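Student: Sequence below, structure please.
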Amino acid sequence: MDFGKILTKAWQIIWNNKVLWIFGVLASCGSGAQGGGGGGSNYSFDNESSGQLPPALQDFFQNMDRNVNQISEETIALFVIGLFCVICIISIIAMFLSVYGRVGLMKGTQAADGGASLTFRSITELVGPFYWRAFGLNLLLGLAVFLVSLVIGVVAFGLAIVTLGVGLICLIPLLCLLLPLGVVYYVFTQLANNALVLEDLNIGDALSRAWEVMRSRAGDIAVMAIILFVGNIIASIVFAIPFILLFVPSFLALMGDSAQAANNALTLGIVGICVAIPLGLVVSGIVRSYIEGAWTLTFLQVSQPAE
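Tutor: Sure, this is the predicted structure:
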């Protein structure tokens, strides 16, 4: 397999068809999930340790201490429940958008590879016949991971109770296997989505096809997975540096000794967030478009009969 040719062609496709970046942003919606936690009304701020902070921060934490202690436990419980519901709704919406974006990237890359001219409308028309099948496939794979995680969690909890925590040492080898197993799961999921969308298969046939391709071209797929995995890490670090530098002035102003410095830090922080969010969306869209495009071209090549 000519890895350089695939990687170069993937970049040429997303650069010449920037409409794919929009679908890359949508696909990035389901790339991670974050949860929220609860708290209690017995929060307090240690005045002794506050002496090490600038006066503006001391006033901030002391005011927060006073305000939090005035909130009833019922109000906090309702807030936590409401926050949990909001997170669930956002997660569901993100999953719908993510699948839509992924299917659009795969079909768009396939069409562009065949010489077609892409528009948002043309890609949307290509997504329609495959969307619900792709959604069902990803939901099934997600439920499988959830059930496995639940079983491991129950076993670990029971083992910790029976052995007073000593038995958890036995789970260390299993934890060491989670990273490579996670990589294998990611590659299998990617190939299953490619098979379903690019070869117009149902969910069961897509899973079988993904396993067949994964076994027959394991070496090529492993190399491509390593290239994209390492490349994604490097790109994330490179793109993260400007965002970190963006908040350095805000941090320095926050460490000042005056209220004016704290206000300046707050203003700079708000401006930094307003700048970082749209830039982050564009960057994530480009990176996700490239990765999906590279995997699509890889599948189109490895799924061909060997010469």
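
Student: what about stretch 138-157, average pLDDT?
Tutor: Averaged across stretch 138-157, the pLDDT comes to 85.

Student: Contacts for that stretch, please.
Tutor: Contacts to stretch 138-157, defined as C-beta atoms under 8 Å, 6 or more residues apart in numbering, come from residues Met95, Val99, Leu168, Leu171, Leu174, Tyr185, Thr189, Ala192, Asn193, Ile203. To be clear about C-beta, it is placed using only N, CA and C from the backbone, and glycine gets the same treatment.

Student: ok, Thr189 - contacts?
Tutor: Per C-beta under 8 Å, 6+ apart, neighbours of Thr189: Asn138, Leu141.

Student: rewinding a little: check pLDDT for the contacts of stretch 138-157 and point me to the minimum.
Tutor: Leu168 (66).

Student: circling back: in helices only, show me the contacts of stretch 138-157.
Tutor: When DSSP state H is applied, the contacts of stretch 138-157 are split such that Met95, Val99, Leu174, Tyr185, Thr189, Ala192, Asn193, Ile203 fall in helices.

Student: Next, format the residues you listed as CSV and append distance to Met214.
Tutor: Converted to CSV, the ones in helices among the contacts of stretch 138-157 look like this (distance: C-beta to C-beta, whole Å):
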residue, distance to Met214
Met95, 24
Val99, 21
Leu174, 23
Tyr185, 11
Thr189, 11
Ala192, 9
Asn193, 13
Ile203, 17
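
Student: Of these, just the buried ones, PyMOL syntax please.
Tutor: Selection of buried members from those for PyMOL, criterion 16 or more other C-beta atoms under 10 Å:
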select buried, resi 95+99+189+192+193+203
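
Student: Find the pair from the ones in helices among the contacts of stretch 138-157 with maximum spatial separation.
Tutor: Spanning the widest gap among the ones in helices among the contacts of stretch 138-157 are Val99 and Leu174, at 30.3 Å by C-beta to C-beta.

Student: Where does pLDDT dip in this protein?
Tutor: For the chain, applying pLDDT under 70 flags the ranges 30-71, 164-168, 246-266, 269, 305-307.

Student: again, 50 this time
Tutor: The chain contains residues with pLDDT under 50 at 32-51.

Student: sorry, back to before: what is the nearest of the ones in helices among the contacts of stretch 138-157 to Ile22?
Tutor: Once C-beta to C-beta is applied, the member of the ones in helices among the contacts of stretch 138-157 that ends up nearest Ile22 is Val99, at 14.9 Å.

Student: Can I get stretch 180-199 in CSV? Just the C-alpha atoms.
Tutor: In CSV, the C-alpha atoms belonging to stretch 180-199 read as follows (Å, rounded to 0.1, in the frame of the first residue of the first chain):
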residue,chain,number,x,y,z
PRO,A,180,-4.4,-1.6,22.7
LEU,A,181,-7.9,-3.1,22.9
GLY,A,182,-9.2,0.4,22.6
VAL,A,183,-7.2,1.0,19.5
VAL,A,184,-8.4,-2.3,18.0
TYR,A,185,-12.0,-1.3,18.8
TYR,A,186,-11.5,2.1,17.2
VAL,A,187,-10.1,0.6,14.0
PHE,A,188,-12.8,-2.1,13.8
THR,A,189,-15.5,0.6,14.3
GLN,A,190,-14.0,2.7,11.6
LEU,A,191,-13.8,-0.2,9.1
ALA,A,192,-17.4,-1.2,10.0
ASN,A,193,-18.7,2.3,9.2
ASN,A,194,-16.7,2.4,6.0
ALA,A,195,-18.1,-1.0,4.9
LEU,A,196,-21.7,0.0,5.7
VAL,A,197,-21.5,3.4,3.9
LEU,A,198,-19.1,2.7,1.1
GLU,A,199,-20.3,-0.8,0.1
